[in-house]
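Undergrad: Dropping a prediction and its sequence here:
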Amino acid sequence: MRFSRRHGTVDLECGVTTNLTSRQNQVAFSDTFFVATTRLLTRKDSGIKDFPDLAGKTVVTNQGTTSERLLRKMNEEKKMNMQIISAKDYGEGRATLETGRAVAYMMDDVLLAGARSLTSQPADWVIVGAPQSSEAYGFMLRRNDPEFKTLVDDSMSQVVKSGEIKTLYDKWFMKPVPPKNINFDFPMSDAMQKLYATPNDKAFD
């Protein structure tokens, strides 16, 4: 991430920001570096296997997210009578789930994998459900700066083409990460492999 000391502005935002067509009116996005899908985190013995199983149950998601919008739309259109809790952040969402105030947590699957790794007993939890949306994560940068975008995209392309991306992925998502040696246990999806074969900056919505 580069900063301008003079103006206090950020040139490149590196986070889990979804590339949306609506956002492209204000900012530009790099080629997509990660594809996430919205699913559910629940206890293995909860009986929740897919979204229809949530009828009449309490579900938690994060406020202002795609997951919240989809969950409320599903609840209204399918008359599922769900009680939806909107958590302010991931910590609150995980705590709501782990303490039994909700039977499932809906968010991007990679974020759910992170939440699972922070529970007291990660092996007790499972990510389930047919994906309700796909999220294209990209580095966010200012519009109308094609030279900088090219620099960012070319740098990412080098990491992908060299095979380094797979080494990095295995290191952070498939092996214990110091200092707590937490393992996300999150295999690379087919969508991710296709993305790395043909990088692009397309929004999914």
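TA: Perfect, thanks for sending it.
Undergrad: ranges for the helices of this protein?
TA: 66-77, 90-98, 109-117, 146-161, 164-173, 190-197 (DSSP state H).
Undergrad: count of neighbours near Arg116?
TA: The number of residues packed near Arg116 is 24, by other Cβ atoms under 10 Å. Heads up, the C-betas are built off the backbone N, CA and C, glycines and all.
Undergrad: Ok, the one 3 residues further on next?
TA: Around Thr119 sit 16 other residues, with neighbours defined as other Cβ under 10 Å.
Undergrad: Contact partners for it?
TA: Thr119 sits next to Arg94, Glu98, Trp125 when contact means Cβ atoms under 8 Å, 6 or more residues apart in numbering.
Undergrad: I'd like the residues you listed as TSV, with neighbour count appended.
TA: Shown next, in TSV, are these (neighbours: other Cβ atoms under 10 Å):
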residue	neighbour count
Arg94	23
Glu98	20
Trp125	22
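Undergrad: could you redo these as TSV and give each row pLDDT and distance to Met174?
TA: Formatted as TSV, the contacts of Thr119 follow (pLDDT from 0 to 100; distance: Cβ to Cβ, whole Å):
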residue	pLDDT	distance to Met174
Arg94	97	21
Glu98	97	24
Trp125	97	17
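Undergrad: Could you double-check that Lys88 sits in contact with Gln63?
TA: Yes - if you go by Cβ atoms under 8 Å, Lys88 and Gln63 touch, sitting 6.2 Å apart.
Undergrad: out of the two, which sits in the busier spot?
TA: More neighbours surround Gln63 than the other of Lys88 and Gln63, with 13 against 10 (other Cβ under 10 Å).
Undergrad: count of residues packed around the closest residue to the more buried one other than its chain neighbours?
TA: Excluding the flanking residues, the one nearest Gln63 by Cβ to Cβ, 6 or more residues apart in numbering is Ser86, at 3.9 Å. When neighbours are counted by other Cβ under 10 Å, Ser86 registers 17.
Undergrad: List the contacts of Ser86.
TA: Ser86 sits next to Val60, Thr61, Asn62, Gln63, Glu68 when contact means Cβ under 8 Å, 6+ apart.
Undergrad: Do me a favour and get the backbone dihedrals for the fourth one.
TA: Okay, so that is Gln63. Phi and psi for Gln63, reported as degrees, to the nearest 10, are phi -60, psi 140.
Undergrad: Domain boundaries for the protein, per the record?
TA: Using automatic domain parsing, the domain ranges for the chain come out as 3-33+138-197, 36-134.
Undergrad: For the longest strand anywhere in the chain, which helices and strands make contact with it?
TA: Of all the segments of type strand in the chain, defined by DSSP state E, the longest one is strand 34-43. When contacts are defined as 3 or more Cβ pairs under 8 Å, 6 or more residues apart in numbering; DSSP states H and E, strand 34-43 packs onto helix 66-77, strand 104-108, helix 109-117, strand 125-128, strand 134-137, helix 190-197.
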